[in-house]
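Peer 1: need coordinates for the below:
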Amino acid sequence: MRWALVKVSLAVTAMVVVAFAVPLGLVVKEMARDRAFSNAERRAAGLAPVLAITTDREELDKAVATTEDGAAGRLAVHVPAAEAGDPGLEIGTRRAGEEELAATRRLGRASIAEVPGGFALLQPTALSSGKVAVVELFVPEGEVSNGVATAWLVLAGVGIALIVGSVAVADRLGVRMVQPAQRLAGAAHDLGEGRLGARVPEEGPPELKSAAVAFNSMADQVVQLLANERELAADLSHRLRTPLTVLRLNAASLGSGPAAEQTRAAVEQLEREVDIIIRTARDAKPQTQATGPGAGCDAAEVVRERMEFWSALAEDEGRRVRVAGVERPVRIPVARPELVAALDALLGNVFRHTSEGTAFSIDVHNGEDAVIVLVSDAGPGIADPAAALARGNSGARDGSTGLGLDIVRRMAETTGGDVRIGHSVLGGTEVRIWIGLDGRRTGGATGRRGHRPARRRRGGTGTRRAAEG
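Peer 2: Numbers count the residues shown, from 1 in each chain. Next up is the predicted model:
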């Protein structure tokens, strides 16, 4: 589109320049010619008073010699014979032919004859005898075309400047139209590949601006619909995981026997099926790194919300909880549902794999180029952190799908960050989430707030509510 607009502008401007410059150049040439012959006619008329007084050769020679043209050999006087047999007078160098002289005498008006090296102006002058003398003034070719070449060069320069200027303006207009269209096409391509954070700046011509607004609105709706579906799957997994854990613990207390073995086998089969459903839902998660307006969330607000969600269970199990760094907003380029899923996976692991009464904490550190979220506990720790981060290795733990830490890792890596596991100041495990801010944007996708988990009575079966990835 851009080059097409430039070509059209070049063609139109070139036609306009040619349409005006060529006639103007011809007019300039004609004006120079008229000016040269008008000056020549004026100079030739200077001999008319002398011819009206006398036709004496000596007097005429003196008159011709005193003129600039006569001294340069460009002026001639042709006086016809006064009587039959008289040869007449020829003063100066004649360039015009006899036919041109005779025609000028007959017509009685000035005429121009083309001669070698230029033109001859023939000016008739009436004598006292009734005859007509002819004053011939030679006009060189250079005098006729004097200034024409300069004028044509100026016209050509103006035409070229107009063409270059029109091409530059057309190129800028093309860029203004093409760049928003290219950004819209690129964002549509990214959205089609699953990068739901792609957005388009709402700028450019009115039509493309309206298209950008419509695209961003559509992308926001797609993100919201997918977030709602993932939250629904997460809710179903939570609802299924708790009764399955109760069934597994109860089945373990049934003792031995065919019925007990069948019950335990059925529970294990049901858990595997649930794990497959959860794993499939997590694996199908599209990329949601925030790369444009309308994506991202406030990490501090999400941490406060999720801690409110888990606080009921923490209080029920006698766990001390500490939260720091969430007093002020902390913007991150991560969709809200993804951060919620990552925090739930880590907090669920704390509740699932540490005993009741184990303290834990969440710290949020906001830096210039990154946000760091630390989830620490006072549990026994992880013997092999590197193996725990490998996808599927955590599946050896009872009741785990092996995807919790993988969810966190993928969320961090979409921002250029990573996940590390180490020893916390509380004595147990510390999971550090490094979230890059290079793609930070204002605004964020809203997620549905979760409900606080119900309290359970102390001293029950020992079942813990856990967030599974």
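
Peer 1: against I112, how distant is the residue nearest to A65 when sequence neighbours are not counted?
Peer 2: Leaving aside its chain neighbours, A65 sits nearest to A71 (6.4 Å; criterion: Cβ to Cβ, 6 or more residues apart in numbering). C-beta: built from backbone N, CA, C; applies to glycine. Separation of A71 from I112 (Cβ to Cβ, to the nearest Å): 23 Å.

Peer 1: one more: E90?
Peer 2: 20 Å.

Peer 1: re earlier: with neighbour numbers in mind, choose between A71 and I112.
Peer 2: I112 (18 against 11; other Cβ atoms under 10 Å).

Peer 1: phi and psi next, for that one.
Peer 2: Phi and psi for I112, reported as degrees, to the nearest 10, are phi -120, psi 130.

Peer 1: unless I'm mixing things up, it is touching L121, no?
Peer 2: Yes. With contact defined as Cβ atoms under 8 Å, I112 reaches L121; the gap is 5.8 Å.

Peer 1: tell me the mean pLDDT over stretch 349-368?
Peer 2: If you average the pLDDT over stretch 349-368, you get 90.

Peer 1: go on, stretch 373-391?
Peer 2: Mean pLDDT, computed over stretch 373-391, is 81.

Peer 1: that older thread, list residues touching both of I112 and L121?
Peer 2: Common neighbours of I112 and L121, using Cβ atoms under 8 Å, 6 or more residues apart in numbering, are F37.

Peer 1: what's opposite L137 in the beta bridge?
Peer 2: Taking DSSP bridges as the rule, L137 bridges to L75, L121.

Peer 1: count of residues packed around it?
Peer 2: 28.

Peer 1: mind checking pLDDT for it?
Peer 2: pLDDT, L137: 89.

Peer 1: offset the numbering so it begins at 340, please.
Peer 2: That works, and once the first residue is 340, the last one we named lands at L476.

Peer 1: and the gap between it and D614?
Peer 2: The gap separating L476 from D614 is 114 Å, by Cβ to Cβ.

Peer 1: what's the answer for A566, then?
Peer 2: 23 Å.

Peer 1: equivalent analysis for G436, please.
Peer 2: G436 is 117 Å from D614, where distance means Cβ to Cβ.

Peer 1: got it, and L460?
Peer 2: The gap separating L460 from D614 is 112 Å, by Cβ to Cβ.

Peer 1: same check, this time on V478
Peer 2: 108 Å.

Peer 1: out of these two, which sits in the busier spot?
Peer 2: Neighbour tally, V478 and D614, criterion other Cβ under 10 Å: the higher count belongs to V478, 23 against 20.

Peer 1: just give the nearest non-adjacent residue to the most centrally placed residue in the chain, would you?
Peer 2: The geometric centre of the chain, computed from its C-alpha atoms, lies nearest to Q518 (Cα atoms, centre = their mean), at 3.6 Å. Computed as Cβ to Cβ, 6+ apart, the closest residue to Q518 that is not its neighbour in sequence is G543, at 7.2 Å.

Peer 1: pretty sure the one you found contacts L512?
Peer 2: No. Counting by Cβ under 8 Å, G543 stays clear of L512, with 11.4 Å between them.
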